[in-house]
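Student: Just a sequence and a predicted model for now, questions to come.
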Amino acid sequence: MSGGSYSIVGGDLKRAGTASRALKERLKRIGVEPQTVRRAMISAFEAEMNVVIHAHQGTMRFSIDPRQIDIEVSDKGPGIPDIALAMQEGYSTAPAYARELGFGAGMGLPNIKKNSDHLNIQSVVGEGTRLYVTILLKAQNDTIASKNSVHVAAEACRECLRCVRACPTRAIRVRRNTPEILDHLCIDCGACIEVCDTGALRLDGKSDIPKPSEDALLVIHPSFFVQFGAAVRPRDVFKALAHLGFYDVRLTDGWEHALREAVLDYAKQHERTRPVISPTCPAVVNLIEMRFPSLIPHLAPFLSPVEAVQHELAGDSNVFVAACPAQRTALLANQPPTPDEVVAPMSLRKAILRLETQEALGADATPRHPCETHADSRGILQVTGIPHVLRVLEHTENGLLRDVAVLHLCLCTQGCFGAPLSVEDPFVAQHRWGLAYDDLKSSGKAVPRKSPFSPRAGMRLDPDMAKAIAKLAQIDDLTRRLPGKDCGLCGAPTCSAFAEDVALRRAPQTACRCLGDQETKP
Amino acid sequence: MKLSDVATRLDAKVLANAQSVPHIEVHQVYAGDNMSDMLNQVNGATLLVTNLCNTLMARFAELMDVPAICLVNGVAPRAELVSAAAEHGTVLLVSPVSLFETCGRLYQCLNHKTQKAP
């Protein structure tokens, strides 16, 4: 957070623009991209000149935070009698001398509006005017800006360190009874949620199910229907959902199938980028962007199935059930104008279980959009489960998978059937869905991506290269002295991760119990 | 197009920052006298041609990263504008002819360049 306050004197042309210049200097110093600086300058300069031309005296205040630039320009002056009129292009009350300066064409306020993300004007005739201008800073990288969807409830943590060990990208540290997720490493897979028994790590967002509106759709992965044991068949779950008010349910498997077909076609046209990786699992896409940026050209440019559903249904406010944190993050990042609700499967499951015990299910309800079945695997290598996906990506990077046309990777075992938020065993769940599959199907289509995949900037040890090198040496040195047992008692998953934490001052060196012992020995 | 070529072509006088003229490359020319339009149209490689010659122009160039301003009609701007431009590193040219004719010459200059290029 950075800010400043500058006074503006009415009629003082010599000093006019100094407040805007001060803002510009700040913005440049923190490295705001030129296009945004330009928009801020247009808005600030127009607002400042309005004070110089129309008012006796005024102030420009601004604050800059990582998300936005807020500029507030207030003045003591004549005020604006009719703001709507003043916002019209070509309407001006500027005196003749302002016209000689190049102002007074009635473009000032409309120009600010055009170049800002939010403009609010308050004015009292005879007292003054206050302008609030907001310019959003473009996130350098969307995936980092959207963060992840893992919620940390520190009070529940018992420091069992399971999440530290389960995290495939070593993004978790548990210190002082608090799990901490290093955002730049987190790929939102939910592996930590799966192993957390205490509830300290869970899916972000509200836990209650929204009251479905008239025409709201429920979008859900088939795995949800097989989370209720053998006695409750998928058909019963449909009934229960209808009872809860979700009459129209869309299963995402139709879109999964459509994506599979589209990626196969794409792979035929792009023989050179073998294997083509299907972007079906958002967590795998995150993993590639983070750890395997060299494989980004292998990703087929399509939306993930759940995003494709959202794209197709854009405009209505629907309820999505996220199978994992990565899905929730992807859905919320693509939010169309009407926000969709994204709920955790657990809360919906609980509601259905309550219904099941009451046996209050209504008349038979079948899904409204059944369609024919699709099952095949022409030249597709399907790999699921974190260790396998990691290994296959390494093989791909080393050029060992040229014989594969399409890679269909899911970070969870058995794909979304093994999502971290489901309860049934992934293999059992898939089997049961296979039994029910014939009468419950959906159809969908693949949607090409507009925004390209982009490598995710890892965290540099230090912005200053010399210091970064020094820190690297420190890490190497400490790693050599550490026992290499990867016991995790310090809260970091491995000894080398701990060494990095120490060098970056995330943890004190004394947190390592083994090292302490060694050094106290004579 | 090189700013030095432009200056020769226009037969313009350089009032401020003559030393940087040979190093400046101009990709766009914008002519106007409406501040709001100018704010929206200029960029870091724009030669701004205008008949406005108040002190504010130097500030404008500074805020919008405009490398050079060309005044017209052979005006003698106030010393304040010249010194402000010199201070901010903005090149200040004065074309001896009118806004219309200046633009005409610049247009020819640009066209000539583009025809020669391929």
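Tutor: That came through, no problem.
Student: From here on, just use CA atoms for contacts and neighbour counts.
Tutor: Noted.
Student: Grab the nearest non-local neighbour of residue 68.
Tutor: All of this refers to chain A. A:Leu136 (4.2 Å; C-alpha to C-alpha, 6 or more residues apart in numbering or on different chains).
Student: actually it's chain B I care about, not the one you picked
Tutor: B:Val91 (4.5 Å).
Student: I'd say that neighbour and B:Ser20 touch.
Tutor: Yes. B:Val91 is in contact with B:Ser20 according to C-alpha atoms under 8 Å; the separation is 7.4 Å.
Student: Compare the two and say which is more crowded by neighbours.
Tutor: When neighbours are counted by other C-alpha atoms under 10 Å in any protein chain shown, B:Val91 comes out ahead of the other of B:Val91 and B:Ser20, with 26 against 15.
Student: Could you count how many residues lie near residue 27?
Tutor: Because you didn't say which chain, this covers chain A. Using other C-alpha under 10 Å: A:Leu27 sits among 20 other residues.
Student: meant chain B actually
Tutor: 14.
Student: what's the distance between it and chain A?
Tutor: 17 Å (C-alpha to the nearest C-alpha, to the nearest Å).
Student: Next, the contact list for the residue nearest to that residue when sequence neighbours are not counted, please.
Tutor: Leaving out its chain neighbours, the residue that sits closest to B:His27 by C-alpha to C-alpha, 6+ apart is B:Ala45, at 5.5 Å. Contacts for B:Ala45 were tallied using C-alpha atoms under 8 Å, 6 or more residues apart in numbering or on different chains; they are B:25-28, B:66-67.
Student: Quick check: B:Ala45 vs A:Leu355, distance?
Tutor: Remark: distance between B:Ala45 and A:Leu355 (C-alpha to C-alpha, to the nearest Å) = 68 Å.
Student: what does A:Asp403 give?
Tutor: 50 Å.
Student: Same check on A:Arg506?
Tutor: 48 Å.
Student: Check the secondary structure at the closest residue in space to A:Gln88 that isn't next to it in sequence for me.
Tutor: Once flanking residues are discounted, A:Gln88 sits nearest to A:Pro110: 6.7 Å by C-alpha to C-alpha, 6+ apart. Following DSSP: H, G, I helix; E, B strand; the rest coil, we place A:Pro110 in the helix state.
Student: Let me know whether A:Pro110 touches A:Glu89 as I believe.
Tutor: Yes. Using C-alpha under 8 Å, A:Pro110 makes contact with A:Glu89 at a distance of 6.2 Å.
Student: So these two - more neighbours on which side?
Tutor: Taking neighbours as other C-alpha under 10 Å, A:Pro110 and A:Glu89 compare with A:Pro110 leading, 19 against 14.
Student: Please give me every residue in contact with that one.
Tutor: Per C-alpha under 8 Å, 6+ apart, neighbours of A:Pro110: A:87-89.
Student: tell me which of those is nearest to A:Ala419?
Tutor: Comparing those against A:Ala419 with C-alpha to C-alpha picks out A:Met87 as the nearest, at 52.0 Å.
Student: what number of residues lie near that closest one?
Tutor: Neighbours of A:Met87 using other C-alpha under 10 Å come to 19.
Student: if I look at it, how far off is chain B?
Tutor: Distance from A:Met87 to chain B, by C-alpha to the nearest C-alpha: 14 Å.
Student: Tell me if I'm right that that residue and A:Ile112 touch.
Tutor: No. Contact criterion C-alpha under 8 Å: A:Met87 and A:Ile112 do not qualify, at 9.7 Å.
Student: phi, psi of whichever residue of chain A sits closest to chain B?
Tutor: Of all residues in chain A, A:Gly102 sits closest to chain B, at 4.8 Å by C-alpha to the nearest C-alpha. A:Gly102 adopts backbone torsions of phi 100, psi 0, taken as degrees, to the nearest 10.
Student: try A:Val249
Tutor: phi -120, psi 130.
Student: Correct me if wrong: it contacts A:Leu218.
Tutor: Yes. With contact defined as C-alpha under 8 Å, A:Val249 and A:Leu218 form a contacting pair (4.7 Å).
Student: what's the neighbour count on A:Ala344?
Tutor: Neighbours of A:Ala344 using other C-alpha under 10 Å come to 24.
Student: So A:Ser43, which state does it fall into?
Tutor: Going by three-state DSSP: A:Ser43 is helix.
Student: Give me the buried positions along the one helix or strand in chain B whose mean pLDDT sits lowest.
Tutor: Here the helix or strand of chain B ranked lowest by mean pLDDT, DSSP states H and E is helix B:99-116, holding a mean of 78. Buried residues in helix B:99-116, counted by 16 or more other C-alpha atoms under 10 Å in any protein chain shown: B:99, B:102-103, B:106, B:109-110.
Student: do that helix and chain A meet at all?
Tutor: No. On the criterion C-alpha under 8 Å from any C-alpha of the partner chain, helix B:99-116 is out of touch with chain A, staying 15.1 Å away.
Student: could you say what helices and strands that helix packs with?
Tutor: helix B:3-10, strand B:46-50 (3 or more C-alpha pairs under 8 Å, 6 or more residues apart in numbering or on different chains; DSSP states H and E).
Student: want to throw these into a markdown table with mean pLDDT, distance to A:Thr36 and mean neighbour count?
Tutor: Formatted as a markdown table, the helices and strands packed on helix B:99-116 follow (pLDDT from 0 to 100; distance: least, C-alpha to C-alpha, whole Å; neighbours: other C-alpha atoms under 10 Å in any protein chain shown):
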| stretch | mean pLDDT | distance to A:Thr36 | mean neighbour count |
| --- | --- | --- | --- |
| helix B:3-10 | 90 | 27 | 17 |
| strand B:46-50 | 93 | 18 | 24 |
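Student: I'd like the ones you listed written out as JSON lines, with distance to A:Pro448 added.
Tutor: Below are the helices and strands packed on helix B:99-116 laid out as JSON lines (distance: least, C-alpha to C-alpha, whole Å):
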{"stretch": "helix B:3-10", "distance to A:Pro448": "45"}
{"stretch": "strand B:46-50", "distance to A:Pro448": "37"}
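Student: Of all the ones you listed, which one is nearest A:Arg291?
Tutor: Using C-alpha to C-alpha, those put strand B:46-50 closest to A:Arg291, at 41.7 Å.
Student: helices or strands next to the following helix or strand past that closest one in the packing?
Tutor: Per DSSP states H and E, the first helix or strand lying C-terminal to strand B:46-50 is helix B:56-63. For helix B:56-63, the packing partners by 3+ C-alpha pairs under 8 Å, 6+ apart come out as helix A:18-29, helix B:79-88.
Student: I'd like the next helix or strand past helix B:56-63.
Tutor: strand B:68-71.
Student: contacting residues for residue 9?
Tutor: This is for chain A. Contacts of A:Val9 by C-alpha under 8 Å, 6+ apart are A:15-16, A:51-52, A:56-58.
Student: Oops, wrong one, chain B.
Tutor: Contacts of B:Arg9 by C-alpha under 8 Å, 6+ apart are B:105-106, B:109.
Student: closest to chain A among those residues?
Tutor: B:Leu106 (22.2 Å).
Student: Make sure the closest one is actually in contact with B:Val6.
Tutor: Yes. Contact criterion C-alpha under 8 Å: B:Leu106 and B:Val6 qualify, at 7.2 Å.
Student: Kindly report the residues of chain B close to chain A.
Tutor: Residues of chain B lying near chain A (C-alpha under 8 Å from any C-alpha): B:33-36, B:39-40, B:52, B:54-56, B:59-60, B:63-64.
Student: does the residue lying closest to A:Thr93 once chain neighbours are set aside sit in a helix, a strand or a coil?
Tutor: Once flanking residues are discounted, A:Thr93 sits nearest to A:Gly104: 7.1 Å by C-alpha to C-alpha, 6+ apart. Secondary structure, three-state DSSP: A:Gly104 is coil.
Student: Could you give the number of residues near A:Gly104?
Tutor: 23.
Student: Same question for A:Ala330.
Tutor: A:Ala330: 22 neighbours (other C-alpha under 10 Å).
Student: Restricting to C-alpha, output the least confident helix or strand of chain B in CSV.
Tutor: Output in CSV follows, covering the C-alpha atoms of helix B:99-116 (Å, rounded to 0.1, in the frame of the first residue of the first chain):
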residue,chain,number,x,y,z
LEU,B,99,-0.7,23.7,-38.9
PHE,B,100,-2.2,22.7,-42.2
GLU,B,101,1.0,23.0,-44.1
THR,B,102,3.1,21.4,-41.4
CYS,B,103,0.8,18.4,-41.5
GLY,B,104,0.9,18.3,-45.2
ARG,B,105,4.6,18.1,-45.3
LEU,B,106,4.7,15.5,-42.5
TYR,B,107,2.2,13.4,-44.4
GLN,B,108,4.3,13.5,-47.6
CYS,B,109,7.3,12.7,-45.5
LEU,B,110,5.6,9.6,-44.0
ASN,B,111,4.2,8.5,-47.4
HIS,B,112,7.6,8.9,-49.1
LYS,B,113,9.1,6.7,-46.4
THR,B,114,6.5,3.9,-46.7
GLN,B,115,6.7,3.8,-50.5
LYS,B,116,10.5,3.5,-50.3
